[in-house]
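Q: Pasted the sequence and its predicted model underneath.
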Amino acid sequence: MKKTSSILLGILVTNMVMSQSATPNQITYLSHYVFPAFVKGRVQQKAGGTQEAMLNYNSMTQEMIFTQNAGYQALGQPENIDTVFIENRKFIPNGPVFYEVVPVGATPLFVNHKCRVIPPGNPAGYGTTSQTSSPGNISKIANNTQTYALKLPDDYQIVPETEFFLKREGEYNKISNIKQLAKLYPAKADAIQDYSKKNKINFKNQEDIVKLIQFCTQPS
């Protein structure tokens, strides 16, 4: 197989960050990545042509990352990419980020993998600490060249904040509660409410969302 640099020829890459302590294959702790390790995947271009690389999705920076030598790079120009295939899953670009496409019959669910970064607790008086998260915290880590590293500093916490969308007339509609979903299926609004209560649907759980969409798309 050709080297990654030649395989990905023609794809603009950004934000090169070299691993400071290990090569990509030496660490498997990926708290802010979707997959537990970088795995072989394919990048399908809209203009045709496919490139292979070791890929993973960084939910902190929301970039598709590939390995090159002992470092990591982000796929650039996502507007020119049609689909990224990793194992048996696929991702499509939506602006600068990638959504995972989860088949649910004829109605695909789009998953935006993201996370919240909680830095070490700061003194808050009376012997307590406070923890907040903001884009500035990510910038602080970035300044330490660790946004692409496989392991963040031990005193940082990563909290997944996955978002779910359904697409209608070319628009992505977020579904984080019953009201938002019922708006997309107005004829089943009451039924959705009842189903959600009886089955204790958690709108942060992908399996629950898939079951709910399957219920919504069943013939009346």
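A: Ah, there it is.

Q: shaky segments in this structure?
A: Applying pLDDT under 70 to the chain flags the ranges 1-30, 121-146, 220.

Q: and the longest strand for this structure?
A: If you go by DSSP state E, the chain has its longest strand at strand 50-58.

Q: from the chain's centre, how far out does the helix or strand just after that strand sit?
A: Sequence-wise, the next helix or strand downstream of strand 50-58 (DSSP states H and E) is strand 63-68. The chain centroid and the centroid of strand 63-68 are separated by 13 Å, computed with CA atoms, centre = their mean, to the nearest Å.

Q: again with stretch 55-65
A: Stretch 55-65 sits 7 Å away from the centroid of its parent chain (CA atoms, centre = their mean).

Q: what's the answer for stretch 200-213, then?
A: 17 Å.

Q: Could you number the chain from 203 rather than 1 from now on?
A: New numbering, starting at 203: the last item is stretch 402-415.

Q: Buried ones in it, by neighbour count?
A: Residues of stretch 402-415 classed as buried by neighbour count (16 or more other CB atoms under 10 Å): Ile403, Asp410, Ile411, Val412, Leu414, Ile415. To be clear about C-beta, it is placed using only N, CA and C from the backbone, and glycine gets the same treatment.

Q: what about it, start to end distance?
A: Using CA to CA, to the nearest Å, the end-to-end distance of stretch 402-415 comes out at 14 Å.

Q: Likewise for stretch 304-316?
A: Chord length of stretch 304-316, first to last residue, is 16 Å (CA to CA).

Q: What of stretch 240-257?
A: For stretch 240-257, the separation between the terminal residues is 5 Å (CA to CA).

Q: Residues contacting stretch 360-378, please?
A: 233-234, 261-262, 296, 301, 309-320, 335, 354, 382-383, 385-386, 405-406, 408, 411, 415 (CB atoms under 8 Å, 6 or more residues apart in numbering).

Q: so how far is it off the chain centroid?
A: Worked out by CA atoms, centre = their mean, stretch 360-378 lies 11 Å from the chain centre.

Q: Do I have it right that Phe300 meets Arg291?
A: No. Taking contacts as CB atoms under 8 Å, Phe300 lies outside contact range of Arg291: 10.9 Å.

Q: For these two, indicate the residue with more neighbours.
A: More crowded of Phe300 and Arg291, by other CB atoms under 10 Å: Phe300, with 25 against 15.

Q: Distance check, the more buried one against Ser233.
A: As for Phe300, its distance to Ser233 is 19 Å (criterion: CB to CB, to the nearest Å).

Q: do Gln253 as well
A: For Gln253, the distance to Ser233 equals 27 Å [CB to CB].

Q: tell me the phi and psi of the nearest residue in space to Ala249 that is not next to it in sequence?
A: In space, Ala249 comes closest to Asn282 once its chain neighbours are excluded; the distance is 6.9 Å by CB to CB, 6 or more residues apart in numbering. Dihedral pair for Asn282: phi -100, psi 0, per degrees, to the nearest 10.

Q: residues contacting Asn282?
A: Gln247, Lys248, Ala249.

Q: Return the subset of the residues you listed lying in strands.
A: Those of those lying in strands (DSSP E): Gln247.

Q: List buried residues within the contacts of stretch 360-378.
A: Buried members of those, counted by 16+ other CB under 10 Å: 234, 261-262, 301, 310-319, 335, 354, 383, 386, 411, 415.

Q: helix/strand/coil for Ile415?
A: Three-state assignment for Ile415 (DSSP: H, G, I helix; E, B strand; the rest coil): helix.
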